[in-house]
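Engineer: Sequence and predicted structure are below.
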Amino acid sequence: MADIDDGKAITGYLERQLLVAMPAMGDPRFTRTVIYMCSHNAEGAMGLVINKAYPGLTFPNLLTQLGIEPAVDNDIIVRLGGPVETGRGFVLHSTDYMRQGSVKLDDSMGIGLTATLDVLRAIATGTGPQRSLFALGYAGWGPGQLDAEIQENAWLAAPADPDLIFDSDLDTLWERAVRKIGIDVAKLASIAGHA
């Protein structure tokens, strides 16, 4: 029987946690990234990079491209959610907005995910979730792939924190996620590559 922590079974999987890239990350697409893990199981893993802006694209421009007329000003940063399917959009949001097509990812923290145009229309009119981030693309791993990368010390896991997830200060988010684990960022480089 699995151990229980805050009412959640401990499975060894990182679903509903933050994945933080180690300084020695070999893949430049993931250098200093923080990923919210939407799913992680024996079949693979999927998450959204939460601290990288999508280059050259603003949320109002995106809405215009989709034919959605914004009724309110939005300072949402379009994020590069990962290198897989970069034309596909995801809204990670507070669960005060749950509609058809929405998935509750974490009840205790009130985090949901919606990948329909309806959530973008709601955000554009001011009737969407109180907290949200929009990402194009996602990070995905096949069976065992993420587990192998963790064994190679490419990633650290940190408890999810809605204040980090929905924060718009992307420049310092990686350092704050590392500190949340309880590690001094200055010392992290010296332990990279050691089990």
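Structural biologist: Sure, I can see it.
Engineer: For the protein, just list every one of the helices.
Structural biologist: 59-65, 117-125, 145-151, 162-165, 173-181, 185-191 (DSSP state H).
Engineer: Buried residues, the shortest one. List them.
Structural biologist: Same thing as helix 162-165. Buried positions in helix 162-165, judged by neighbour count with 16 or more other CB atoms under 10 Å: 164-165. (Each C-beta comes from the backbone N, C-alpha and C, glycine too.)
Engineer: Counting by contacts, list what that helix packs against.
Structural biologist: helix 173-181 (3 or more CB pairs under 8 Å, 6 or more residues apart in numbering; DSSP states H and E).
Engineer: Swap in 10 Å and give it another go.
Structural biologist: strand 34-41, strand 84-94, helix 173-181 (3 or more CB pairs under 10 Å, 6 or more residues apart in numbering; DSSP states H and E).
Engineer: looking at the helices of the chain, which is closest to Phe90?
Structural biologist: With CB to CB as the measure, helix 117-125 is the member of these nearest Phe90 (9.5 Å).
Engineer: what residues does the closest one touch?
Structural biologist: Contacting residues not belonging to helix 117-125 are listed as 59-60, 62-63, 66-72, 74, 76, 89-91, 93, 97, 99-102, 112-114, 116, 127-129, 132, 134 [CB atoms under 10 Å, 6 or more residues apart in numbering].
Engineer: Next, the angle from that helix to strand 84-94.
Structural biologist: Angle of helix 117-125 versus strand 84-94, following axes from the mean of the first three to the mean of the last three CA atoms, to 10 degrees, is 60 degrees.
Engineer: buried set for helix 117-125?
Structural biologist: Using 16+ other CB under 10 Å as the test for burial, helix 117-125 gives 119-124.
Engineer: Tell me the one of those nearest Val185?
Structural biologist: For these, the nearest to Val185 is Ile123 (33.2 Å; CB to CB).
Engineer: how near is the closest one to Ala115?
Structural biologist: Distance of Ile123 to Ala115, given as CB to CB, to the nearest Å: 13 Å.
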